[in-house]
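K.L.:
Predicted coordinates and the sequence they were generated for:
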Amino acid sequence: MEYEAILLDITDGLAVLTLNRPDKMNALTTQMRAEITHAMKHAARHTRAIVLTGAGPAFCSGQDLGDASSTGKIDLERALRDEYEPMLEAVYDCPVPTIAAVNGPAAGAGANLALCADVVIATESAYFLQAFARIGLLPDAGGTWFMPRQMGFAKAMGAALFAEKISARQADDWGLIWEAVADADFATHWRKRAEYLANGPTAGFGAIKQAIRGTYDKTLPQQLATEAHLQGDCGRTRDFAEGVVAFLEKRPAKFEGR
């Protein structure tokens, strides 16, 4: 598949997926959602880590309200079910670690696309905005699921009702994202983080994702059983054997991945 609205670079086990409509603040169209879905699935089969970022000054401004293919008498429920859900699931259920490198404003569905990733790293000048109430809607694209879990009920409710900007520093302090990084250091920093994941124990990372993402639906005994099962699987991998030998030999581990 040839991409028009995104860029996909795969180098040394690391995929960088760039939303590439900088003149529109990378607003999401029907075409872009299809391309993100396809690219995520392709990259997941051929890489060990994936980064989502934006071209130009913004990460993503959310739905492109001028998209002729998805505006006018738009069926919002159909668009969410048929276009947004596959895209969000491709990011959330990705078997390899994902980073959203939020290089600028992330608004509406763009903010929630970022929150789908395993780790969100934002430049300090970025912000997150649940703008939906400004046009009579509720946060979608997973916003009502991610926000209460990541920054608590009170902050989530206020963010949704007041539709005010949350600075990257606030998002960091509130637990909505992993970290906010100085603008000058941002590009170097997220790439270093991504390369660490791409060179790490892929099976172990996958088990971490599975265990932590499933914890909200389990009791403690159920989660302990999950941990034991997944740890048994990890303990049989070459990466675990290499990790132990490297520890004993006091050297960096050289993980094989998949």
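P.N.:
Here it is on my side, so go on.

K.L.:
ok, then the element right after the lowest-mean-pLDDT helix or strand in the chain?
P.N.:
Lowest on mean pLDDT, DSSP states H and E among the helices and strands of the chain sits helix 76-79, with a mean of 90. Next in sequence after helix 76-79, counting helices and strands by DSSP states H and E, comes helix 85-92.

K.L.:
Kindly state the domain boundaries assigned to this structure.
P.N.:
The chain breaks down into these domains under automatic domain parsing: 6-198, 202-248.

K.L.:
need the ones you listed in TSV with mean neighbour count, can you?
P.N.:
(Each C-beta comes from the backbone N, C-alpha and C, glycine too.) TSV is the format used below for these (neighbours: other CB atoms under 10 Å):
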stretch	mean neighbour count
domain 6-198	19
domain 202-248	14
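
K.L.:
Export these to TSV and append columns for distance to residue 255.
P.N.:
Output for the domains of the chain, formatted as TSV (distance: least, CB to CB, whole Å):
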stretch	distance to residue 255
domain 6-198	9
domain 202-248	5
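
K.L.:
residue nearest the centroid of this structure?
P.N.:
With distances taken as CA atoms, centre = their mean, residue 117 lies nearest the centre of the chain, 1.7 Å away.

K.L.:
got the contact list for the closest residue in space to that one that isn't next to it in sequence?
P.N.:
Counting by CB to CB, 6 or more residues apart in numbering, residue 117 lies nearest to residue 100, which is 3.8 Å off, once chain neighbours are set aside. Counting by CB atoms under 8 Å, 6 or more residues apart in numbering, residue 100 touches 51-53, 59, 113-117, 119-121.

K.L.:
Among the residues you listed, which one lies nearest to residue 25?
P.N.:
residue 59 (8.5 Å; CB to CB).

K.L.:
Report the beta-bridge partners for residue 9.
P.N.:
Counting by DSSP bridges, residue 9 is bridged to residue 16.

K.L.:
Residue 20 is in contact with that one, correct?
P.N.:
No - in this structure residue 9 lies outside contact range of residue 20 using CB atoms under 8 Å: 11.2 Å.

K.L.:
Mind telling me what element residue 239 is part of?
P.N.:
With DSSP H and E as the test, residue 239 turns up in helix 238-248.
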